[in-house]
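Undergrad: pasted the sequence and its predicted model underneath.
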Amino acid sequence: MLRNKKNLWIPAFAGMTMLALLLPPVFAGQLEPFKEVPIPAHNPQTPEKIELGKKLFFDRRLSGDGTMSCATCHDPEQAFTDGLDIALSYPTTKNWRNSPTLINVAFQKYLFHDGRTGTLEEQALFPMMSAFEMNQNLDFLEEEIRQVPEYAEAFNKIFNGEPTKERIGMVIASFERTLISGNSLLDRYLNGDKKALTENAQKGLKIFTGKGKCADCHFGVNLADDKFYALSVPENPALLNDPRVISTMRFVAKVYKFKEYRTLNEDPGKFLITRNMLHWKEFKTPVLREISKTAPYMHNGVFNTLDEVIEFFNQGGGKGNTVLKPLELSADEKKYLKTFLVEALTGDEIIMKYPELP
């Protein structure tokens, strides 16, 4: 009932991930070197706000049973992912999607694989109140944080007021905007150092912007177009028929008031948010910076290696998709492309000094 997308309009340029070959007309975006992080006017950065946000990011008080913090699924040692195909979840439950990296999240126009929020301030609160993630009641969390003198004093100093859930989201968002990947070999190359990339990486860049069609969707500073596409990514076998996963997806569908949620057996992607059939099984184009550190890949973590991802796009995406076509890359071309992704898109390491929690 929901999968019939015949006669529907197909986006002119596509791509949830790299290497997209699109139906005409194609569009190759411009790669840009790292530039200043965008800061919203309603939440300006201050050192105090960032430090408080860092403490809360690592504080397990933010979960209902005190076992999880934001860092549980966004571990600094795992490039701010958890390194798993499917994100960690609250005890006795199971998540249904991969945990995306927070590196350079400040540049993203939409958050989550389905784009349900448009600000980091909102994003920070979603996992806390999610029943299968941190499972915390935000009104209760406010009272918990108000009872910690150090936190109460810090919020009062920053906001001239007490902790609220909105302010908790603001300070965590401020910290997340400091998680930046810059000064990569690609940045140096785009800034004029033509020797920054190895010979093989330069060959990979040529494929990335040419035959591979990656730059049709992966361009700009973050190598992502902030759009959503349905590429028929294979289902993750680990999730099929798992009653905990079915419970999670039907719960989310119920929250978004999808009437047929009781018969849902697959991830509908952005459709749940917009209720527009054009968005059925569409997922957001991921960022590619630090891509070599953020496996497994895709919204459901079905691919463990970049080789698998490259081959998926080389084959023209998943069965039945109307967005991609086979690329016909040779073995050497795939090798050069991987070299570019691994070597050129890795920036300076983020040095994390872990906070002392009150």
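TA: Sure thing, it's come through.

Undergrad: hey, let's count contacts and neighbours off CA atoms from now on
TA: Noted.

Undergrad: centroid residue for this structure?
TA: residue 100 (3.6 Å; Cα atoms, centre = their mean).

Undergrad: what strand or helix carries it?
TA: Residue 100 belongs to no helix or strand when assigned by DSSP states H and E.

Undergrad: residue contacts, the nearest residue to it once chain neighbours are set aside?
TA: Distances taken as Cα to Cα, 6 or more residues apart in numbering place residue 81 nearest to residue 100, at 5.8 Å, with adjacent residues excluded. Contact analysis of residue 81 by Cα atoms under 8 Å, 6 or more residues apart in numbering lists 73-75, 99-102, 294.

Undergrad: of all the residues you listed, which comes closest to residue 85?
TA: residue 99 (7.8 Å; Cα to Cα).

Undergrad: burial measure for the closest one, as a count.
TA: 28 (other Cα atoms under 10 Å).

Undergrad: report the contact partners of it.
TA: 73-74, 81-82, 84-87.

Undergrad: with the contacts of residue 81 in mind, which one is nearest to residue 47?
TA: Out of the contacts of residue 81, the member with the shortest distance to residue 47 (by Cα to Cα) is residue 102, at 19.3 Å.

Undergrad: which SS class is the closest residue to residue 189 other than its chain neighbours?
TA: Of all residues beyond its chain neighbours, the one nearest residue 189 is residue 196 (5.4 Å), with distances taken as Cα to Cα, 6+ apart. Following DSSP: H, G, I helix; E, B strand; the rest coil, residue 196 is assigned to coil.

Undergrad: distance-wise, check residue 196 relative to residue 29.
TA: To residue 29, residue 196 is 21 Å away according to Cα to Cα, to the nearest Å.

Undergrad: could you list the low-pLDDT ranges of the protein?
TA: Counting by pLDDT under 70, the ranges of the chain that qualify are 1-27.

Undergrad: which residues are in contact with stretch 299-319?
TA: 18-21, 84-86, 96-98, 113, 231-237, 283, 292, 295-297, 324-329, 334, 338.

Undergrad: before we move on, the earlier item: roughly how far does the residue nearest to the centre of the chain sit from residue 258?
TA: For residue 100, the distance to residue 258 - Cα to Cα - is 25 Å.

Undergrad: can you check residue 118 too?
TA: 21 Å.

Undergrad: neighbour count winner among these two?
TA: residue 258 (17 against 13).

Undergrad: and the helices in the stretch 151-300 of the chain?
TA: 165-176, 185-190, 199-209, 243-255, 271-274 (DSSP state H, counting those that start in this stretch).

Undergrad: just checking, which of those sits deepest inside the structure?
TA: Most buried of the helices of the stretch 151-300 of the chain, by mean neighbour count (mean count of other Cα atoms under 10 Å): helix 165-176, with a mean of 23.

Undergrad: neighbours around residue 84, how many?
TA: There are 19 residues near residue 84, going by other Cα under 10 Å.

Undergrad: distance-wise, check it relative to residue 99.
TA: Distance from residue 84 to residue 99, by Cα to Cα: 8 Å.

Undergrad: also residue 253?
TA: 19 Å.

Undergrad: residue 251 too?
TA: In terms of Cα to Cα, residue 251 sits 19 Å off from residue 99.

Undergrad: re the thing from before, for the residue nearest to residue 100, name its beta-bridge partners.
TA: residue 75 (DSSP bridges).

Undergrad: so who does residue 105 touch?
TA: With Cα under 8 Å, 6+ apart, residue 105 has these contacts: 176-177, 179.

Undergrad: and for the closest residue to residue 183 other than its chain neighbours, the neighbour number?
TA: Among residues not flanking residue 183 along the chain, residue 347 sits closest, at 5.3 Å (Cα to Cα, 6+ apart). When neighbours are defined as other Cα under 10 Å, residue 347 has 18 of them.

Undergrad: what sits against residue 347?
TA: With Cα under 8 Å, 6+ apart, residue 347 has these contacts: 181-185, 289-290.

Undergrad: just these: which are in strands?
TA: Under the assignment DSSP state E, the contacts of residue 347 contribute nothing to strands.

Undergrad: reformat those as TSV; add distance to residue 154.
TA: Shown next, in TSV, are the contacts of residue 347 (distance: Cα to Cα, whole Å):
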residue	distance to residue 154
181	28
182	30
183	33
184	35
185	39
289	33
290	33
